[in-house]
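>>> just to be clear, the model below is a prediction. Sequence and coordinates:
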Amino acid sequence: MLGNNGTMLIQTDRLNLRRFVMEDIDQSFTNWASDSYSSKYFIHYPHKNKSDTENMIKQWIQSYEDKCTYIWAIEVKNTGDVIGNVTVDTSFASLEMCEIAYMLGALWWNKGYASEALEKVLNYLFCHEDFYLVEAKYNITNRASAKLLQKLGMKQDGILRDRRIDKESGERNDLVICSLLKSEYVNATIS
């Protein structure tokens, strides 16, 4: 049975993964939500104005009342900068499955932050919330996400044809779906 503790504080060596608060609006807008480069692969971004980010964060804060809500702000400990988010869709929680997604501001790419955050969130989902399977999807042209998810142990399950439209070129791209089973996660952490 799932733990259903919701979004709890998770700490890494360099990061606090925590619930969003209203004071995060300015940094979230500036550091990632309004950045067209960071949000290239996301449908609902970039935000055109700060009120879009404010509305999103208000909705997220309200959703924390539901113990099946998993939405973390990624905060750098030594600076207090909110540099992105990790979200978990629990639409299939009755099957003990969920889908993880993340977004990180481009200024913080290639520093290991996404890997550090996702490793801890996966641990939380498998070991504290007791999910059986965690899946993720990425645009086939997003090589950085492909590499990161593979590093985390996720295996490709399939390709969903022409599921995304490139915002710049208008081209359709495939969406890759991958997943990690709890047993694979446990075996990898033991070895």
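That came through, no problem.
>>> when you work out contacts or count neighbours from here on, use the C-alpha atoms and nothing else.
OK.
>>> shaky segments in this protein?
Where the chain drops to pLDDT under 70, the residues are 1-2, 190-191.
>>> quick one, helices of it?
25-28, 50-63, 113-123, 143-151, 182-190 (DSSP state H).
>>> as TSV, those with mean neighbour count and distance to Asp157 would be great.
Shown next, in TSV, are the helices of the chain (neighbours: other CA atoms under 10 Å; distance: least, CA to CA, whole Å):
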stretch	mean neighbour count	distance to Asp157
helix 25-28	20	32
helix 50-63	16	30
helix 113-123	19	18
helix 143-151	15	12
helix 182-190	13	14
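>>> need these in TSV (columns: distance to Asp13).
Below are those laid out as TSV (distance: least, CA to CA, whole Å):
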stretch	distance to Asp13
helix 25-28	21
helix 50-63	25
helix 113-123	9
helix 143-151	19
helix 182-190	18
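>>> and the ones you listed: which comes nearest Val76?
helix 113-123 (8.7 Å; CA to CA).
>>> just the C-alpha atoms of that closest one, please, in PDB.
Extracted in PDB, the C-alpha atoms of helix 113-123 (Å, rounded to 0.1, in the frame of the first residue of the first chain):
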ATOM      1  CA  TYR A 113      21.700  19.300  -9.800                       C
ATOM      2  CA  ALA A 114      19.000  17.400 -11.800                       C
ATOM      3  CA  SER A 115      20.700  14.100 -11.100                       C
ATOM      4  CA  GLU A 116      21.100  14.800  -7.400                       C
ATOM      5  CA  ALA A 117      17.400  15.900  -7.100                       C
ATOM      6  CA  LEU A 118      15.900  13.000  -9.100                       C
ATOM      7  CA  GLU A 119      18.000  10.300  -7.300                       C
ATOM      8  CA  LYS A 120      16.600  11.500  -4.000                       C
ATOM      9  CA  VAL A 121      13.000  11.800  -5.300                       C
ATOM     10  CA  LEU A 122      13.200   8.300  -6.800                       C
ATOM     11  CA  ASN A 123      14.400   7.000  -3.400                       C
END
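>>> of all the helices of the chain, which one is nearest Ser91?
For Ser91, the closest of the helices of the chain is helix 50-63, at 14.0 Å, according to CA to CA.
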